[in-house]
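[1] After the sequence you'll find the predicted model.
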Amino acid sequence: MAGGERIDPWSSDQTHDYARLIEQFGLGTVDPSVLPNPGMLHRRGIVFAHRDLDVVLGCMQRSEPFGVLTGLMPSGRMHLGHSMVIDQVRWFQEQGADITVTVADLEALATRGTSLKDGRDTAINEYVHNYAALGLDPDVTNVYFQSSRPAVQRLAFTLGRRTNLSEFEAIYGFSGGTNLAHVQAPLVQVGDIIHPQLDDYGGLRPIVVPVGIDQDPHLRLTRGIAGKTHWFNVKQRTEGGLTVSLSVQEDNQTALGVSGGQVDSAVRDSVFERMAQALAPLGYADIISNPKYGTLDIPGAALDDRARVRMRMLTLEREMGGMGLMPPCSTYHRFAVGMTGDKMSSSQPETTIFMDESIEDMERKVQRSLSGGQPTTEEHRRLGGDCSKDVAFQYLQFFFESDDGTLAEIRSEYESGRMLAGEIKQVCIDSAAEWLTELAERREMWADRLDEFLAPDAV
Ligand code: TRP
């Protein structure tokens, strides 16, 4: 990692070189022009990177099922920073996704000492209530608790076999002094992210996890683990097309036609027969089977077909007794700056606006927030304001001003010096007041309907 950018989910440092992160971790960049009805966070480059987003875009295009998984830490109050993920979840919901919400009550218990009872109350009254107000649909949303979903904990154990302390050291920078709660929590989170694909929770389908960039280590871990369970690997073929190859492991060797270190050709041939059958609905003219070497070539497949081929092979893997787990897709958003210029955090109330903040408190925070204005009016008129520093501008951009035209106008007024620092703060205050008031009204509407969001095992 020397010289590299380290992302640490537990760090308080949120200043990142985003371009470098994309390069270092091989993230895809988000092009809003290929998204159906892109949301404001997409259009403004705030959701800036992804892994395998094209897989879920393909599902949207073909109207195939896909899900979103998101999680919340049931401690503290919900604030603007948390609402960004829910904005994205709502967008996926509008494109046809089902939604699973993890309440990380075990993680909160282990890492913060929050009792399960307190975690539950906070999750429902503080988070689920606001998720409802922000537009999640109870008909497609399932909120569950880590502590009451044994399937998740079981996955944490069984998938734990596919990683080790060295990998945790490499991904998270753990060392001998690391508290083991920090080892357990990511494993349970792997279970959270994977489990919606289990037959009891919606079955095999792509799952996308929208997160802040600081959570990418969890995605890397989960994707790596899912990949290690695969019986069939789907790769780009050197001569064009795709190659499916067998991944023979201890627990699948009999099924894949290996016994006593030898290939059992009768079994192997029947495996390849089933592979070809599994791929038949995709309609490739040419499939070249090489049972002896454990590979199957599809010269006519496009690189874009990879996810569909993979889904077919995972279905077959499940039929044959494997887990058949699709690696999760993800999107990453930039962080909004805290109002004081520090990191936004619920433990420092002055850095953010809470979802139930009073208009007076919000107004005070915006008035005191970091400004991109010049020291004197004369200088400001001459040099203009700096939107890259100005909290009021950025909060309009991230949260409160959904109209791109209006936002562009505010920017040009401010940068030209026609609009003063105090004036842009007032614009922000007015928009925020409207936003908070509407949210409070919608909270009111949902107040006695929160049970509708809970999964059967959470009621
Ligand atoms: N670790 C996350 C946090 O600190 C909470 C969480 C648990 C989560 N499971 C998740 C987030 C799955 C996203 C997906 O906030």
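    On my side now, so go ahead. Numbers count the residues shown, from 1 in each chain.

[2] And the strands in the stretch 1-150 of the chain?
    Taking DSSP state E, counting those that start in this stretch, the strands of the stretch 1-150 of the chain run over residues 28-29, 47-51, 67-72, 98-103, 141-145.

[3] how about those strands in CSV, adding mean neighbour count, mean pLDDT and distance to residue 314?
    To be clear about C-beta, it is placed using only N, CA and C from the backbone, and glycine gets the same treatment. Output for these, formatted as CSV (neighbours: other CB atoms under 10 Å; pLDDT from 0 to 100; distance: least, CB to CB, whole Å):
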stretch, mean neighbour count, mean pLDDT, distance to residue 314
strand 28-29, 14, 96, 21
strand 47-51, 22, 97, 17
strand 67-72, 24, 98, 15
strand 98-103, 25, 98, 18
strand 141-145, 23, 98, 22
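
[4] To residue 408, which of those lies closest?
    Taking CB to CB, strand 47-51 is the member of these nearest to residue 408, at 19.0 Å.

[5] closest one to residue 254 among the strands of the stretch 1-150 of the chain?
    Closest approach to residue 254 among those (CB to CB): strand 67-72, 32.5 Å.

[6] For the chain, list the residues in contact with the ligand, please.
    Neighbours of the ligand within the chain, by CB under 6 Å from any ligand atom: 69-71, 73, 102, 104, 107, 189, 192-193, 209, 211.

[7] Could you count how many residues lie near the residue lying closest to residue 266 once chain neighbours are set aside?
    Spatially, and ignoring its direct neighbours in sequence, residue 266 is nearest to residue 257 (7.7 Å; CB to CB, 6 or more residues apart in numbering). The local packing of residue 257 (other CB atoms under 10 Å) involves 22 other residues.

[8] next one: residue 213
    A count of nearby residues for residue 213, using other CB under 10 Å, gives 22.

[9] measure it to the ligand for me?
    Using CB to the nearest ligand atom, to the nearest Å, we find residue 213 at a distance of 13 Å from the ligand.

[10] pretty sure that residue contacts residue 334?
    Yes. The pair residue 213 and residue 334 passes the contact test of CB atoms under 8 Å, sitting 7.1 Å apart.

[11] and for these two, which residues touch both?
    By CB atoms under 8 Å, 6 or more residues apart in numbering, residue 213 and residue 334 have these common neighbours: residue 18.

[12] rewinding a little: check contacts around the residue nearest to residue 266.
    263-271, 291.

[13] let's see 10 Å
    Each residue near residue 257 by CB atoms under 10 Å, 6 or more residues apart in numbering is listed here: 246, 248, 263-272, 291, 294.

[14] and stretch 111-119, how far apart are its ends?
    End-to-end span of stretch 111-119 (CA to CA, to the nearest Å): 12 Å.

[15] Centre of the chain to that stretch, how far?
    When C-alpha coordinates are averaged (CA atoms, centre = their mean, to the nearest Å), stretch 111-119 and its chain have centres 24 Å apart.

[16] Buried residues, it. List them.
    By 16 or more other CB atoms under 10 Å, the buried positions in stretch 111-119 come out as 111, 114, 116, 119.

[17] While we're on the last one, how confident is the model there?
    What it means is residue 119. For residue 119, the pLDDT comes out at 98.

[18] you'd agree it is up against residue 108?
    Yes. The criterion here is CB atoms under 10 Å, and residue 119 meets it with residue 108 at 5.0 Å.

[19] Mutual contacts of the two, please.
    Common neighbours of residue 119 and residue 108 (criterion: CB under 10 Å, 6+ apart): 72-75, 146-147.

[20] Any of the residues you listed buried? List them.
    The neighbour count (16+ other CB under 10 Å) marks 72-75, 146-147 as buried among the shared contacts of residue 119 and residue 108.
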